[in-house]
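Colleague: Predicted coordinates and the sequence they were generated for:
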Amino acid sequence: MAEVETVPASPREAAGKGSARQARRDGQVPAVIYGNKEEPITLTLERRLLVRELTNPQFFIQLIDIEIDGTKHRVLPRDVQFHPVSDAPMHVDFLRLDPKRKIAANVPVVFEGEEDSPGLKQGGVLNVVRYEVEVFCTADNIPPELILQLAGLEVGDSVHASSVTLPDGVEFVISDRDFTIATIAAPTIMVEETAEDEEGEEGEGGTEGADDEDGGGDSGDDAEGSGDGGEDD
């Protein structure tokens, strides 16, 4: 079962912009718990605690028990609004969870085995198409990350969804195709050098042609000179 973190909160009786602004002035962040066919609950969180939680790269798949007046509400973070200038958190949406109901969640992808990839050893570049993959499962079964192995991959190889081993009860939201997660691309410098070499060869060929033409022109001048000499005689 996924680890659950408890976060204390305070009820927010008054709704609206005025009460939200006052909460922020008091060092709190307004929030709401919704979903599971129950009435929404408005609350406030201590800004300091929320900022600490936001440093977790897996914040949006972290199960949280929000405790209000001794009652815990099992939730999953769904959205955070930030101030456009200060980047401070302004509001948080939490989804109330049903332990039996499956939900969609974005899980980060972690790559392993770079040192055993011939393509990367030769200077290839790991081109990540998806840094996160959306899965469908119950909240307590959300994997913290998905491991993808790069060992043995050559330049031009791809890593697809079928390469991922999912835990029991977890499936991809995209199920109608074997989508690409990453590829091993050829290094750009090699492509540029090849293009430059080809251009250089073409340039050399053009120079030789120009020299031949110049030589032909000189011969013509000599011939003309010979003809002029004949007329003088």
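Modeller: The structure has been received and is ready for your questions.

Colleague: Need phi/psi at Ala182.
Modeller: phi -160, psi 160 (degrees, to the nearest 10).

Colleague: Show the contacting residues for it.
Modeller: Contact analysis of Ala182 by C-beta atoms under 8 Å, 6 or more residues apart in numbering lists 109, 111, 126-130, 148, 150, 158-159. For glycine as for every other residue, the C-beta is placed from the backbone atoms N, C-alpha and C.

Colleague: Could you do Pro89 as well?
Modeller: If you count contacts by C-beta under 8 Å, 6+ apart, then Pro89 has 29, 47, 50-51, 54, 80-83 around it.

Colleague: Any chance of a markdown table for the contacts of Ala182, columns distance to Val92 and secondary structure?
Modeller: Shown next, in a markdown table, are the contacts of Ala182 (distance: C-beta to C-beta, whole Å; DSSP: H, G, I helix; E, B strand; the rest coil):
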| residue | distance to Val92 | secondary structure |
| --- | --- | --- |
| Val109 | 25 | strand |
| Phe111 | 30 | strand |
| Leu126 | 34 | strand |
| Asn127 | 34 | strand |
| Val128 | 28 | strand |
| Val129 | 30 | coil |
| Arg130 | 26 | coil |
| Leu148 | 31 | strand |
| Leu150 | 36 | coil |
| Ser158 | 37 | strand |
| Val159 | 34 | strand |
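
Colleague: Can you tell me the SS state at Asp168?
Modeller: coil (DSSP: H, G, I helix; E, B strand; the rest coil).

Colleague: Just the pLDDT at it, thanks.
Modeller: Note on Asp168: pLDDT of 94.

Colleague: Excluding chain neighbours, what is closest to Phe179?
Modeller: Ala161 (5.1 Å; C-beta to C-beta, 6 or more residues apart in numbering).

Colleague: and that neighbour, how many neighbours does it have?
Modeller: 18 (other C-beta atoms under 10 Å).

Colleague: Model confidence score at it, please.
Modeller: pLDDT, read off for Ala161, is 96.

Colleague: rewinding a little: quick one, which of the contacts of Ala182 are buried?
Modeller: 109, 111, 126, 130, 148, 150, 159 (16 or more other C-beta atoms under 10 Å).

Colleague: of all these, which two lie farthest apart?
Modeller: Within the buried ones among the contacts of Ala182, Arg130 and Leu150 form the most distant pair, 14.6 Å apart (C-beta to C-beta).

Colleague: Give me the phi and psi for Asp79.
Modeller: Dihedral angles (degrees, to the nearest 10) for Asp79: phi -160, psi 140.

Colleague: just Ile66 next, same as before
Modeller: Dihedral angles (degrees, to the nearest 10) for Ile66: phi -90, psi 120.

Colleague: In this structure it contacts Arg96, no?
Modeller: No - using C-beta atoms under 8 Å, Ile66 is not in contact with Arg96; the gap is 9.5 Å.

Colleague: Which residues are in contact with each of these two?
Modeller: Jointly contacting Ile66 and Arg96 under the rule C-beta under 8 Å, 6+ apart are 33, 73, 75.

Colleague: count of neighbours near Ala185?
Modeller: Count around Ala185 with other C-beta under 10 Å applied: 16.
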